[in-house]
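>>> Quick check, what structure comes out for this input:
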Amino acid sequence: MKPIFSMLMILSVLFITGCSEQEHETAVRHDLGTAHVAAHPQRVAVLNDGFIDTLHDLGIKPAAAADDRAERNDGSPSVGLPSHPDLKKITSLKPDLIIADSSLHKGIYHELTKIAPTIALQNEAADYQDAVDAALTIEKAVGKDGIIEKQLSAQEEKLNDIKRKLDAEGGTILLIDAANDSISVKDDRFFTSRLLTLAGFTYAVQTDSGGKSDSIKMTPGQLLHIDPDYIVLLDGEKELEKNHLWKQLTAVKNGHVYRADRAVWTERRSIDGADAILHDLQKKMLAKKAQN
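Just a heads-up that it's a prediction; the model follows:
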């Protein structure tokens, strides 16, 4: 009887252990499937910039980070660029969770899952709502609760405050990048474009098709045809401002052209990134409004 009893004891222990492990895992749905993540992961590798902001907001320092910055200021080890993360280096750092970009890393997703449980979310091609959804998913994956919701509530208050103070409801706005003698504008699917509509503006370039955001090449004449009420001009060369058609634009005539930092306005697709844009928008527009 002893061997049978011993075997039953072993099976019972294995069953209890298996149940215990399952109870301490979180099933996280993401763009490329469902990942089973250990409760409260301690070593998180993050493979795009916007996700880094979210981890910091949740009080977590990345165990590894792939981003476009020449130097990381939080001391987390670099594992290459978001477009080409170094899988060997990621493996050597022994992450217990990887946060990947569903556009950039779809082709290496299965390789990443062999290193650690991996969730894939939109960042590179994210609009504002994608960034919000990604932040909420990351919060769940790392075992936190309520932090992102508080951020979103504060951001909603800020958006309402901007709407009230700027009183630009319905006014058309356009984000323009002018460099190297060319003009390109962001379409309405872009992260910042969507954010501006939440601040009460109507985005001046509407697209009929869904899918990934794009930049649209334009001539000064095409820009004049659109003729937005407000223009956000990303920093760069000022040749466009010398063009005679530029001076005919409504936004130019009314003093509603605002120069902005490209990195701040286009590169941080996160809740923190949105906050930085809203802060800059409010500061620039209210200062101009006070002058008029």
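
>>> can I assume D272 is in contact with L55?
No - at 10.8 Å, D272 and L55 do not qualify as touching, with contact defined as CB atoms under 8 Å. C-beta: built from backbone N, CA, C; applies to glycine.

>>> Have a look at those two and say which one is more surrounded.
L55 (22 against 18; other CB atoms under 10 Å).

>>> Just say helix, strand or coil for that one.
Secondary structure state of L55, per DSSP: H, G, I helix; E, B strand; the rest coil, is helix.

>>> now it: how far from D235?
28 Å (CB to CB, to the nearest Å).

>>> With P41 instead?
In terms of CB to CB, P41 sits 39 Å off from D235.

>>> Give me the more crowded residue out of these two.
Taking neighbours as other CB under 10 Å, P41 and D235 compare with P41 leading, 20 against 15.

>>> so which strand or helix has the more buried one?
Counting by DSSP states H and E, no helix or strand carries P41.

>>> Chain neighbours aside, what residue packs nearest to it?
L97 (4.0 Å; CB to CB, 6 or more residues apart in numbering).

>>> any weak-confidence spans in the stretch 51-200 of the chain?
Counting by pLDDT under 70, the stretch 51-200 of the chain has low-confidence residues at 69-73, 180-181.

>>> For it, which segments count as helices?
Using DSSP state H, counting those that start in this stretch, the helices of the stretch 51-200 of the chain run over 87-92, 109-115, 128-141, 147-166, 191-198.

>>> Can you give the distance of the third one from its chain's centre?
Distance of helix 128-141 from the chain centroid (CA atoms, centre = their mean, to the nearest Å) equals 9 Å.

>>> tilt between it and helix 191-198?
Per axes from the mean of the first three to the mean of the last three CA atoms, to 10 degrees, the angle that helix 128-141 makes with helix 191-198 is 100 degrees.

>>> Please apply the same query to the fourth one.
Orientation note: helix 147-166 sits at an angle of 60 degrees relative to helix 191-198 (the same axes, to 10 degrees).

>>> now helix 147-166: how far from the chain's centre is it?
17 Å.

>>> What of the last one?
Relative to the chain's own centre, helix 191-198 is displaced by 12 Å; criterion: CA atoms, centre = their mean.

>>> Give the next helix or strand downstream of that helix.
Helix 191-198 is succeeded, C-terminally, by strand 202-203 (DSSP H and E).

>>> I99 bridge partners, please.
Beta bridges link I99 to V46, I119, judged by DSSP bridges.

>>> ok, now which ones touch it?
Neighbouring residues of I99 by CB atoms under 8 Å, 6 or more residues apart in numbering: 44-48, 51, 55, 118-119, 121, 138, 141.

>>> isn't the residue nearest to P41 right up against V142?
Yes - under the criterion of CB under 8 Å, L97 makes contact with V142 at 7.2 Å.

>>> Need the overlap of contacts for these two.
41, 44.

>>> on that earlier part again, kindly provide the distance from the residue nearest to P41 to L233.
40 Å.

>>> try A39
48 Å.

>>> between those two, who's got more neighbours?
Taking other CB under 10 Å, A39 and L233 do not tie; L233 has more neighbours (18 against 11).

>>> Downstream of the helix or strand hosting that one, the next helix or strand is which one?
Taking DSSP H and E as the criterion, L233 maps to strand 230-234. Later in the chain than strand 230-234, the nearest helix or strand by DSSP H and E is helix 250-253.
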